[in-house]
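Undergrad: My questions are about this predicted structure, shown below with the sequence.
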Amino acid sequence: MESYYHLAEYYDMLMDDIDYNVWCSFIEEIFQIYGSQPHNILETACGTGNITIPMALKGYNLLGVDISEEMLTIAENKARSKKLNIKFIKQNMTELTLNMSFDAVLCMCDGVNYIIEEDELYKYFSTVHHLLNTDGVFIFDISSSYKLRRILGNNILFQEKNDFCYIWENNFFEEDELLEMRLNFFIPQRGLYKRLEEFHIQRAYTEEQLIRLLAEAGFKNIRTYDNLKMKKPHNRSERIFVTAQKL
């Protein structure tokens with residue numbers, strides 16, 4: 001079963017404490033740093049459109065790609081409700097087949113962590129480089145190696161919102177640098193609870209690995225930032241943004 005098969009319906013409720021407008025403003029700051037004025041933007045692993053839609057509302061022309069049909073359906077309905085003409089396509093981000101080019105490519109909210117093989121990540125970076133126009137900017141974020149190992153790894157987390165709750169069991173495997181996450185959801189139905197289960201795997205990447213792979217894929221001007229800040233990451237940064245440019 002694909003990740004987000006069950007979670008798609010409840011994803012936005014679980015993430016309702018995130019201010020995506022702040023993320024979009026940070027993305028625009030990155031554009032300014034690179035002297036970029038993009039028009040056509042590709043967002044890979046776009047999910048339910050929480051970045052795609054506010055960026056489109058700012059006047060950018062967005063194309064959203066995701067592997068989850070369930071997430072894309074929600075994204076399309078949200079965009080339609082705001083009278084936005086955004087095209088969403090179901091594709092694996094490591095196997096993109098798009099006959100167009102872009103001024104910027106985005107991959108937000110851990111999308112890169114879900115690519116668990118280094119050769120597949122290099123393939124993705126190379127494809128993004130190919131899809132970008134000259135001077136195009138690539139922006140993505142990761143949950144840091146520190147976060148996956150020390151914050152999430154080998155822990156059991158519990159969350160409850162509006163009578164909906166889930167238990168999140170995590171195991172980190174040092175030899176493979178993988179975090180396995182088993183999520184059990186309990187959804188209220190007619191006085192009882194329906195249990196749903198999903199299984200996710202994320203890869204822990206270091207800044208050094210990402211910078212090396214980006215350079216090998218042809219990117220220049222590679223930079224890293226602490227979570228939504230114009231500061232370098234530190235050894236306890238939980239989210240790291242990475243930016244690069246095609247020259």
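TA: Right, received. Where do you want to start?
Undergrad: which residues in the protein form helices?
TA: 8-14, 20-33, 52-57, 69-81, 118-131, 145-146, 207-216 (DSSP state H).
Undergrad: Return the most buried member of those.
TA: The highest mean neighbour count among these, using mean count of other C-beta atoms under 10 Å, belongs to helix 52-57: a mean of 22. Heads up, the C-betas are built off the backbone N, CA and C, glycines and all.
Undergrad: Domain parsing of the protein, as residue ranges.
TA: 8-143+206-245, 147-202 (automatic domain parsing).
Undergrad: Tabulate these (CSV), appending mean pLDDT.
TA: CSV is the format used below for the domains of the chain (pLDDT from 0 to 100):
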stretch, mean pLDDT
domain 8-143+206-245, 97
domain 147-202, 91
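Undergrad: Go through the ones you listed and pick out the most buried.
TA: For those, average neighbour numbers computed from mean count of other C-beta under 10 Å are highest in domain 8-143+206-245, which has a mean of 18.
Undergrad: Okay, the residue of the chain most remote from its centre and Glu197: tell me how far apart.
TA: The centre of the chain is farthest from one residue, Gly191, which by C-alpha atoms, centre = their mean lies 35.2 Å away. Applying C-beta to C-beta, to the nearest Å, the value for Gly191 to Glu197 is 21 Å.
Undergrad: Over to Ile53?
TA: Applying C-beta to C-beta to Ile53 and Glu197 gives a distance of 29 Å.
Undergrad: measure Gln34 to Ile41 for me?
TA: Small correction: residue 34 is Tyr, not Gln. In terms of C-beta to C-beta, Tyr34 sits 13 Å off from Ile41.
Undergrad: Also Asn227?
TA: Applying C-beta to C-beta to Asn227 and Ile41 gives a distance of 21 Å.
Undergrad: repeat for Gly136
TA: 10 Å.
Undergrad: Spit out the residues that contact those two alike.
TA: Common contacts of Gly136 and Ile41 (C-beta atoms under 8 Å, 6 or more residues apart in numbering): Phe102, Asp103, Ala104, Val105.
Undergrad: Max pairwise distance over those: which two?
TA: Asp103 and Val105 (8.9 Å; C-beta to C-beta).
Undergrad: Which neighbours do these two have in common?
TA: With C-beta under 8 Å, 6+ apart as the test, Asp103 and Val105 both reach Ile41, Leu132, Gly136, Val137.
Undergrad: Now do the contacts for the last one.
TA: So the one you mean is Val137. Taking C-beta under 8 Å, 6+ apart, one finds Ile30, Phe31, Tyr34, Ser36, Pro38, Asp103, Ala104, Val105, Thr243, Ala244, Gln245 in contact with Val137.
Undergrad: repeat that with 6 Å
TA: Tyr34, Ser36, Ala104, Gln245 (C-beta atoms under 6 Å, 6 or more residues apart in numbering).
Undergrad: Then the second one?
TA: Listed by C-beta under 6 Å, 6+ apart, the contact partners of Leu132 are Phe102, Lys246.
Undergrad: Equivalent analysis for the third one, please.
TA: The neighbours of Gly136, taking C-beta under 6 Å, 6+ apart as the test, are Asp103, Lys246.
Undergrad: What separation do you get for it and Thr94?
TA: Taken as C-beta to C-beta, the span from Gly136 to Thr94 is 19 Å.
Undergrad: So which of the shared contacts of Gly136 and Ile41 belong to strands?
TA: Phe102, Asp103, Ala104, Val105 (DSSP state E).
Undergrad: The last one against Glu43, yeah?
TA: What it means is Val105. No - using C-beta atoms under 6 Å as the test, Val105 is too far from Glu43 to be in contact (7.6 Å).
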